[in-house]
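*Asks:* Output the structure for:
(chains A and B)
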Amino acid sequence: MNWKLLVKTSLRNLSRFKLRSFFMSIGIVLGVATLIVGNTLGGGAAQKISDQIDQMFGPGTIFIASAELKQADLQAVADELDQVIAASPRMMMGELEISSADASAQSGVAGYSDNAEYVWNRSVTSGRFFDQRDIDRASRVALIGDKLELELFGVDGAMGEEIMIASVPFEVVGILEPIGIDPHGEDRDMEVYVPYTTAQRRLANTDLVGMGKFVVSNADLVEEDSDEIAVLLRERFQIAEGERDTFQLYTSKFADVAAAKAKRMLNVYILLAAIVVLLVAAVVIASIMLVVVRERIAEVGLRKAVGATSKSIATQFLWEAATVSVISGLLGIVVGFAVSAVIANIYDVTMQLNPLGLLIAIAAATLVGIVSGIIPARRAARLDPIEALR
Amino acid sequence: MINIENLCKSFQRPGEEELHVLRDLDFNVAPGEFVAIVGASGSGKTTLMNIIGLLDRADSGGYELQGQSADKLSPEERAKVRNKTIGFVFQQFHLLPRTTATENVELPLLYSSRDDADISKKAREALCRVGLEERLTHYPSELSGGQQQRVAIARALVNDPGIILADEPTGNLDKESGAQIMNLFGDLNRNGSTILLITHDEQVASAASRVVRIADGQLEDTITRVAS
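*Replies:* Here you go, the predicted structure:
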């Protein structure tokens, strides 16, 4: 038989047993779709992780978290170390009830200082950021994310309107730059920023800030700077020799390493998932094909009687497995792109197409089909036509 | 067409005595003959048919098909001879399910290289020869037993084989359909086909121009009739 006839015969046989062909194809469709999703979104997701880490850290920054951290500590570090050119607090208040006249929502509230626009790398798209007066007077002013604005005020806009944060009235003076969902799954466009002094006095009744960030003058020296900050803070917190730090410092270099590691892990996970699915698909196809051979013993006997050689029988079954696999592979590519498009849309990730990955996906599907077809094909080829026709 | 000399075949089942199915059997068929082999079940007639049809090998003895010795053919060569020279008709029809009559008849052509258009044309012609021109795209499940067997005969004819081997072709059919099938074989024979029929039914065998009886692994009294 020539290849055109083989394809035609394979398609005909596969369409004779539609349900079975469906079960054979589903594994490969899923495996290839996984490969395609990984291929198209892996790069974009890794890029997004980098972007988010850059947003949180930025080059030459040191992040600090400590239960006993006060604004005075941050200020002291900035004053005493020349290489620390900025220090800025971040006081996380957790989720609070936010309401307008017509609507309400649960949103993350955080206190920032007037230099947060620069140090924490987020500005406003309309209105104004905090200024020194807001901090000094603990003004009841707030910046809100664009999604929260939409939720509380609809299309009318929130600028100049009053909102209640845990029953305390605030004036909305700015709308935060949209940055999407962070790696912890928090939607940062639902956030509320208030001056940290306001958060301390009017919302939390504390003088702690909990977190802060330093910007240093030379990004290459963040590790060394971090060590100096640690020495200084141990002194300020009066931590005795041999006692553990009561604060954690993370440098942007550490974040870069973590991001690279996250990217690698993401790619490995996607690849592993695809391999596992394709292996399962191979086993499923092989076992279904074995059943098919058994069910089609009479057909094999007849084909041999009318002139099929063992080789052409083997070829036929191999082609059937390969045809299922290639068609499923193509279907998997379509499904993969569809799923990628949906995910990309929801999580705002850029889709990238890597032609090599596409080729690998098709090759993997074909390979799975051929490899899983070998044993059933050999078994069919070895059938004795007399036994088979009995 | 067929020349067989001193053919022997025995089977050994585990724990049983060796069974000599065919013993020093001689058998000849000339081109254009319509021969029936009759015998009780277990008389070895199907074994003989399998050997003639190159599905099985004899233990010893000589077998020539169309002047060519079949003893030393490789499995690939035997498949090729089956494809070109022999047309099989079985008691159970052995049509592929969920496959149209035309596609069933095309089957032998798929294993001898030809172009696609020629394949379906030949299949349709063969179906016309067995009177099924109205049933080309029917599935076996939509056909009566007699019609299914005619599809099988068309499949046996499609490659213009030297000989048609029919093993109990009427065994699964009612009397009337069986008679029609035997008439069809008679027509094919008058148009030049060589036919070898195996049956246990004397009535069916009477359609042939020569009847040989197989018993104890050997062929006995040969009745030859002059074709009317």
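*Asks:* which residues sit against stretch A:42-62?
*Replies:* A:63, A:119, A:121-122, A:179, A:182-183, A:213-219, A:222, A:225-226, A:229, A:249-252, A:255-256, A:258-259, A:262-263, A:266-267, A:270, A:344, A:347-352, A:354 (C-beta atoms under 8 Å, 6 or more residues apart in numbering or on different chains). Yep, even glycine has a C-beta here, placed from its N, CA and C like the rest.
*Asks:* For B:Ile164, which three-state class applies?
*Replies:* strand (DSSP: H, G, I helix; E, B strand; the rest coil).
*Asks:* Leaving out sequence neighbours, find the closest residue to it.
*Replies:* Leaving aside its chain neighbours, B:Ile164 sits nearest to B:Gly87 (4.4 Å; criterion: C-beta to C-beta, 6 or more residues apart in numbering or on different chains).
*Asks:* what do you get for A:Thr251?
*Replies:* Excluding the flanking residues, the one nearest A:Thr251 by C-beta to C-beta, 6+ apart is A:Val222, at 4.1 Å.
*Asks:* Please work out the residue of chain B nearest to chain A and name it.
*Replies:* B:Asn83 (2.4 Å; C-beta to the nearest C-beta).
*Asks:* now that residue: how far from B:Leu48?
*Replies:* According to C-beta to C-beta, to the nearest Å, B:Asn83 and B:Leu48 sit 21 Å apart.
*Asks:* These two: which has the busier surroundings?
*Replies:* Applying other C-beta atoms under 10 Å in any protein chain shown to B:Asn83 and B:Leu48 shows that B:Leu48 carries more neighbours, namely 26 against 21.
*Asks:* about what we covered before: ok, the residue nearest to B:Ile164 - how many residues close by?
*Replies:* Count around B:Gly87 with other C-beta under 10 Å applied: 30.
*Asks:* can I assume it sits in a strand?
*Replies:* Yes - under three-state DSSP, B:Gly87 sits within a strand.
*Asks:* Helices of chain B, residue ranges please.
*Replies:* Assigned by DSSP state H, the helices in chain B fall at B:45-52, B:75-85, B:101-110, B:116-129, B:145-157, B:175-190, B:202-205.
*Asks:* picking that back up, now the contacts of stretch A:42-62: which count as buried?
*Replies:* A:63, A:119, A:121-122, A:179, A:213-216, A:222, A:225-226, A:229, A:249-252, A:255-256, A:259, A:262-263, A:266-267, A:270, A:344, A:349, A:351-352 (16 or more other C-beta atoms under 10 Å in any protein chain shown).
*Asks:* picking up where we left off before, my guess is the residue nearest to A:Thr251 contacts A:Ala255. True?
*Replies:* No - here A:Val222 lies out of contact with A:Ala255, judged by C-beta atoms under 8 Å, at a distance of 9.8 Å.
*Asks:* quick one, what contacts the closest residue to A:Tyr112 other than its chain neighbours?
*Replies:* Once flanking residues are discounted, A:Tyr112 sits nearest to A:Tyr193: 5.3 Å by C-beta to C-beta, 6+ apart. Applying C-beta under 8 Å, 6+ apart, we find A:Tyr193 in contact with A:Val109, A:Ala110, A:Gly111, A:Tyr112, A:Ala116, A:Phe130, A:Ala142, A:Leu143, A:Ile144, A:Leu176.
*Asks:* Tell me which of those fall in helices.
*Replies:* Residues of those located in helices (DSSP H): A:Ala116.
*Asks:* can you count the residues close to the one residue in the stretch 101-250 of chain A that gets nearest to chain B?
*Replies:* The minimum distance from the stretch 101-250 of chain A to chain B, using C-beta to the nearest C-beta, falls at A:Gly185 (51.3 Å). By other C-beta under 10 Å, the residues close to A:Gly185 number 6.
*Asks:* wouldn't A:Glu117 be in contact with A:Phe129 here?
*Replies:* Yes - judged on C-beta under 8 Å, A:Glu117 makes contact with A:Phe129 at a distance of 4.5 Å.
*Asks:* Mutual contacts of these two, please.
*Replies:* A:Ser123.
*Asks:* Quick check: chain neighbours aside, which residue is closest to A:Ile144?
*Replies:* Excluding its sequence neighbours, the residue lying closest to A:Ile144 (C-beta to C-beta, 6+ apart) is A:Val192, at 5.2 Å.
*Asks:* That neighbour reaches A:Arg140, doesn't it?
*Replies:* No - between A:Val192 and A:Arg140 there is no contact, the gap being 12.0 Å when judged by C-beta under 8 Å.
*Asks:* so can I have TSV of the contacts of A:Tyr193 showing pLDDT?
*Replies:* Converted to TSV, these look like this (pLDDT from 0 to 100):
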residue	pLDDT
A:Val109	95
A:Ala110	95
A:Gly111	96
A:Tyr112	96
A:Ala116	93
A:Phe130	95
A:Ala142	96
A:Leu143	96
A:Ile144	95
A:Leu176	95
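*Asks:* Please report which of the contacts of A:Tyr193 has the highest neighbour count.
*Replies:* A:Ile144 leads those on contacts (other C-beta under 10 Å) with 33 neighbours.
*Asks:* Name all residues that make contact with that residue.
*Replies:* A:Ile98, A:Ser107, A:Leu152, A:Ala158, A:Ile163, A:Val172, A:Ile175, A:Leu176, A:Glu191, A:Val192, A:Tyr193.
*Asks:* since we're on the fourth one, how many residues are nearby?
*Replies:* When neighbours are counted by other C-beta under 10 Å, A:Ala158 registers 26.
*Asks:* Assign it to helix, strand or coil.
*Replies:* Using three-state DSSP, the secondary structure recorded for A:Ala158 is coil.
*Asks:* quick one, what contacts it?
*Replies:* A:Ser100, A:Ile144, A:Glu149, A:Leu152, A:Val172, A:Ile175.
*Asks:* who touches the residue in chain A positioned nearest to chain B in this structure?
*Replies:* Going by C-beta to the nearest C-beta, chain B is nearest to A:Gly307 of chain A, at 2.4 Å. By C-beta under 8 Å, 6+ apart, the contact list for A:Gly307 reads B:Ala79, B:Lys80, B:Arg82, B:Asn83, B:Lys84, B:Pro108, B:Tyr111, B:Ser112, B:Asn159.
*Asks:* Make a markdown table out of these and add pLDDT.
*Replies:* Below are the contacts of A:Gly307 laid out as a markdown table (pLDDT from 0 to 100):
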| residue | pLDDT |
| --- | --- |
| B:Ala79 | 92 |
| B:Lys80 | 92 |
| B:Arg82 | 93 |
| B:Asn83 | 93 |
| B:Lys84 | 91 |
| B:Pro108 | 92 |
| B:Tyr111 | 87 |
| B:Ser112 | 82 |
| B:Asn159 | 89 |
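*Asks:* quick one: which of these is nearest A:Ser10?
*Replies:* Comparing the contacts of A:Gly307 against A:Ser10 with C-beta to C-beta places B:Tyr111 closest, at 15.4 Å.
*Asks:* what does chain B put close to chain A?
*Replies:* B:50, B:53, B:55-56, B:75-76, B:79-80, B:82-84, B:88, B:90, B:92, B:94, B:96-99, B:103, B:107-108, B:110-113, B:116, B:155, B:159 (C-beta under 8 Å from any C-beta of the partner chain).
*Asks:* residues in contact with residue 138?
*Replies:* Since no chain was named, I'll use chain A. A:Ala138 sits next to A:Pro195, A:Thr197, A:Thr198, A:Gln200, A:Arg201, A:Arg202 when contact means C-beta under 8 Å, 6+ apart.
*Asks:* my question was about chain B
*Replies:* Counting by C-beta under 8 Å, 6+ apart, B:His138 touches B:Thr100, B:Ala101, B:Gln147.
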